[in-house]
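In: Quick check, what structure comes out for this input:
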Amino acid sequence: MAVEHLDEDRSVDLTAALARARSPRRPGHDTPAGTAVPAWPGPPRPIPGAGPADLDLRALLRLSLRASDRAGRLRPASSAGALHPVDTELVVGAGCSLPPGRYGYDPLRHRVHHLGPQPDGTPPGVTAELSVTARRTVSHYGHRAWPLLLLDTGHAAAALFLAARALGAGEPELRLHGAAESPLAAVRIPPPGPAHQLGATQSTQPSASAPTPEELLARRSTPPPLPGSPAPDALRAVLTTAARAGGGDLRWCAAVGSPLPGLMELAPDGTTLRRCAAGEARPTLAAWAAGQAWIADAGAVLLARGCPADADAPHIRRTHLQAGFAVHLAHVTARRHGLTARPVGSWQQADLGAALGATPGQDWIVHGLALGTLHADEENTA
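Out: Take a look at the predicted model:
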């Protein structure tokens, strides 16, 4: 099969790219992924320690984006294929452990490169602007890459959001509106103390209390399989976190197995679960999720649904960024409830609405989170 080469430096027709990604066509052979970090100009600089009133950027990035091995594979933010296409520029104002300016971040060295002065009117704190080097993800996923690039960006935004919460910084402000091609998203984090307001932003409240730094450093995607059905209280907590964090464009449900297989969602009261469809969905989900057979035996699968086939580029960007953000927070909630969890980002022909008898093309699976209670090795010894 011919390999499709996509140029990350040109504008992408996202509607066409999403249609290709949702098709059953399989990617070709892997191609070189290129460098894991942009060629930022100038020498790398260490990130200084923070004063008592400063935002600690060294700790913030360690808890959110820094790689913990030289290959760059072990990072707090999830990424499809561990390819980590998200690049970060920091716009630093007053009240931070770095002098004001614009910096490129190197997550492998945990260093920054000074790119220039901060723009006029930069408020105190830092704004992390997130863009992608598409080649890294295209190298393995080919024409299926663009939804994954957007989901990965949402996960990176969530990692920054949670790190700010863990450090007691000012209330983070999110820009996941999908209006821009670059940066795709931004997270504005004020210094500790009174929150500084900044323009038209989206503020998202997670359902759980602030995480600890140790909790953030320990989060990892569980290798499959993920057997064991989550308890109703745990499943409700995961659904609640996702629904609160996922914005208004997405609907959330979870596929569960026996004794009463079907799809569960939050009831209108927001505190109880109700069944929205009956029947075993997990084998179909496994087929839709790039044929990952282990999903059929997962304890449950959280699903973000929406983004119709005729969605325009801002809608596609917005829903996928929101889905990645919400699944990341739901993953942390799942771990807090003792669950195993693994994000599932690649979906083909996953028109859930049509499968449930609704109008085709209107209600597609955008993202997922497989859930279990035990890893298979633990189940065999329990």
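In: where does this protein dip in pLDDT?
Out: 1-10, 194-208, 375-382 (pLDDT under 70).
In: what ranges do the helices span in the stretch 151-300 of the chain?
Out: 213-218, 232-245, 282-288 (DSSP state H, counting those that start in this stretch).
In: biggest strand in this structure, by residue count?
Out: If you go by DSSP state E, the chain has its longest strand at strand 364-372.
In: Report the angle between that strand and helix 232-245.
Out: If you take axes from the mean of the first three to the mean of the last three CA atoms, to 10 degrees, strand 364-372 sits at 150 degrees to helix 232-245.
In: quick one on the thing from earlier: so can I have a markdown table of the helices of the stretch 151-300 of the chain showing mean neighbour count and distance to residue 153?
Out: The C-beta positions use only the backbone N, C-alpha and C, and glycine is treated the same way. Formatted as a markdown table, the entries for those read as follows, by neighbours: other CB atoms under 10 Å; distance: least, CB to CB, whole Å:
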| stretch | mean neighbour count | distance to residue 153 |
| --- | --- | --- |
| helix 213-218 | 14 | 18 |
| helix 232-245 | 21 | 15 |
| helix 282-288 | 19 | 23 |
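In: With distance to residue 302 added, can I get these in JSON lines?
Out: Formatted as JSON lines, the helices of the stretch 151-300 of the chain follow (distance: least, CB to CB, whole Å):
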{"stretch": "helix 213-218", "distance to residue 302": "19"}
{"stretch": "helix 232-245", "distance to residue 302": "6"}
{"stretch": "helix 282-288", "distance to residue 302": "11"}
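In: Relative to residue 158, which of those is closest?
Out: The closest of the helices of the stretch 151-300 of the chain to residue 158 is helix 232-245. By CB to CB, the value is 7.8 Å.
In: Output the contacting helices and strands for the closest one.
Out: Judged by 3 or more CB pairs under 8 Å, 6 or more residues apart in numbering; DSSP states H and E, helix 232-245 is in contact with strand 251-256, strand 262-266, strand 273-278, strand 300-306, helix 313-336, strand 364-372.
In: Single out the most deeply packed of the ones you listed.
Out: Greatest average neighbour count among these goes to strand 364-372 (a mean of 29), per mean count of other CB atoms under 10 Å.
In: out of the helices and strands packed on helix 232-245, nearest to residue 189?
Out: Among the helices and strands packed on helix 232-245, helix 313-336 sits nearest to residue 189 (CB to CB), with 14.8 Å.
In: what angle do the closest one and strand 300-306 make?
Out: 160 degrees.
In: Moving C-terminal from helix 313-336, which element do we reach first?
Out: strand 340-344 (DSSP states H and E).
In: could you dump that next one to CSV, C-alpha only?
Out: C-alpha atoms of strand 340-344 as CSV (Å, rounded to 0.1, in the frame of the first residue of the first chain):
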residue,chain,number,x,y,z
THR,A,340,-6.9,0.5,35.9
ALA,A,341,-7.4,2.7,32.8
ARG,A,342,-6.1,3.2,29.3
PRO,A,343,-7.1,5.9,26.8
VAL,A,344,-8.4,4.7,23.4
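In: Give me the contacts around it.
Out: Under the contact criterion CB atoms under 8 Å, 6 or more residues apart in numbering, strand 340-344 has outside partners 78, 151, 155, 221-224, 226, 228, 289, 292, 295, 301, 327-328, 330-331, 334-335, 367-375.
In: let's go with 7 Å and repeat that
Out: Strand 340-344 has contacts (CB atoms under 7 Å, 6 or more residues apart in numbering) with 78, 221-222, 224, 226, 289, 295, 327, 331, 334-335, 368-375.
In: Number of residues surrounding the nearest residue to residue 106 once chain neighbours are set aside?
Out: Closest residue in space to residue 106, ignoring its immediate chain neighbours: residue 37 at 5.1 Å, by CB to CB, 6 or more residues apart in numbering. Look at residue 37: counted by other CB atoms under 10 Å, it has 20 neighbours.
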